[in-house]
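Asks: can't give you the sequence, but here's the structure:
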């Protein structure tokens, strides 16, 4: 059985490493990038099963990257879940309305993170 491929986009190295370690222990294949621009190139080269996207990054924001990914036939249908610490009342609804497929909050909870990610994969299968 093929390992689910997850692309994680975050400019914070500690966030990337923790999310990667948790998912790899649960038998996911993980690709890490640290910018919105790199997320587009990576998703075009090797489309993942799911993208976890930080919102606030230097250069291209996660929201801008989402819009670019949705323009391409190759990446349009990849589920993209926002993974952010920037949580205000109503942010989840606003971000879902922008086109994200889901909303996850940082910091992640290592004991439940893989199951949360798996739930977004099941919606697509």
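Replies: In hand now; what should we look at? As the structure is a prediction and not an experimental result, all values here were calculated from the model.
Asks: any stretches of the chain with poor pLDDT?
Replies: Within the chain, the segments meeting pLDDT under 70 span 122-125.
Asks: using the three-state scheme, assign the spatially most central residue of it.
Replies: Central residue of the chain (C-alpha atoms, centre = their mean): residue 52, 0.8 Å from the mean position. Put simply, residue 52 is strand when judged by DSSP: H, G, I helix; E, B strand; the rest coil.
Asks: wait, it sits on residue 8?
Replies: Yes: in this structure residue 52 lies within contact range of residue 8 using C-beta atoms under 8 Å: 4.8 Å. C-beta coordinates here come from the backbone N, C-alpha and C atoms, glycine included.
Asks: between the two, what contacts are shared?
Replies: When contacts are counted by C-beta atoms under 8 Å, 6 or more residues apart in numbering, residue 52 and residue 8 are jointly contacted by 19, 83.
Asks: for the residue nearest to the centre of the chain, list each beta-bridge partner.
Replies: For residue 52, the beta-bridge partners under DSSP bridges are residue 8, residue 81.
Asks: ok, it - contacts?
Replies: Contacts for residue 52 (C-beta under 8 Å, 6+ apart) come out as 6, 7, 8, 9, 10, 19, 81, 83, 104, 117.
Asks: quick check: it vs residue 89, distance?
Replies: For residue 52, the distance to residue 89 equals 22 Å [C-beta to C-beta, to the nearest Å].
Asks: re earlier: which of the contacts of residue 52 are buried? Put it as a PyMOL command.
Replies: Buried members of these can be picked out in PyMOL with the line below, counting by 16 or more other C-beta atoms under 10 Å:
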select buried, resi 6+7+8+9+10+19+81+83+104+117
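Asks: what distance separates stretch 89-97 from the centre of its chain?
Replies: Mean-position distance between stretch 89-97 and its chain equals 16 Å (C-alpha atoms, centre = their mean, to the nearest Å).
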